[in-house]
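**Q** quick one: sequence and predicted model below, then my questions.
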Amino acid sequence: MDKNQTITKEIMDYLYENFPLAVESKPLPMNSSLYEAGILDSVGIIELVVFLQEKYGIQIENDEITIEKFGSINKMAKLIIDKKSD
């Protein structure tokens with residue numbers, strides 16, 4: 001399993017464990033917005049950001065929490081990989 005697959009699996013596991021709507025939405029969309037799909041609300045996004053920061057030892061800036069950079073599971077994984085390689 002490569003780094004991207006590992007991170008996406010860890011994100012999905014977290015979502016399934018903490019958000020009932022994620023379980024109801026199995027399988028989760030990998031390339032579309034979890035917010036727009038109604039799986040996460042604004043509080044859920046904050047909780048996810050905190051989890052990712054703690055899990056990966058990174059800082060996600062407010063201006064990075066956008067559809068372009070944080071709008072899907074695959075985009076989240078890319079953001080984490082990019083931040084870890086800085």
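**A** Okay, I see it.
**Q** helices along the protein, start to end?
**A** Taking DSSP state H, the helices of the chain run over residues 3-18, 20-24, 42-56, 67-70, 73-84.
**Q** what separates the longest one from the chain centre, distance-wise?
**A** Taking C-alpha atoms, centre = their mean, to the nearest Å, one finds helix 3-18 lying 8 Å from the centre of the chain it belongs to.
**Q** what helices and strands are in contact with it?
**A** When contacts are defined as 3 or more C-beta pairs under 8 Å, 6 or more residues apart in numbering; DSSP states H and E, helix 3-18 sits against helix 20-24, helix 42-56, helix 73-84. C-beta coordinates here come from the backbone N, C-alpha and C atoms, glycine included.
**Q** who touches it?
**A** 1, 22-23, 26, 28, 30, 34, 39-40, 47-48, 51-52, 55-56, 73-74, 76-78, 80-81 (C-beta atoms under 8 Å, 6 or more residues apart in numbering).
**Q** still on that earlier bit, okay, the helices and strands packed on helix 3-18, which one's buried deepest?
**A** helix 73-84 (a mean of 17; mean count of other C-beta atoms under 10 Å).
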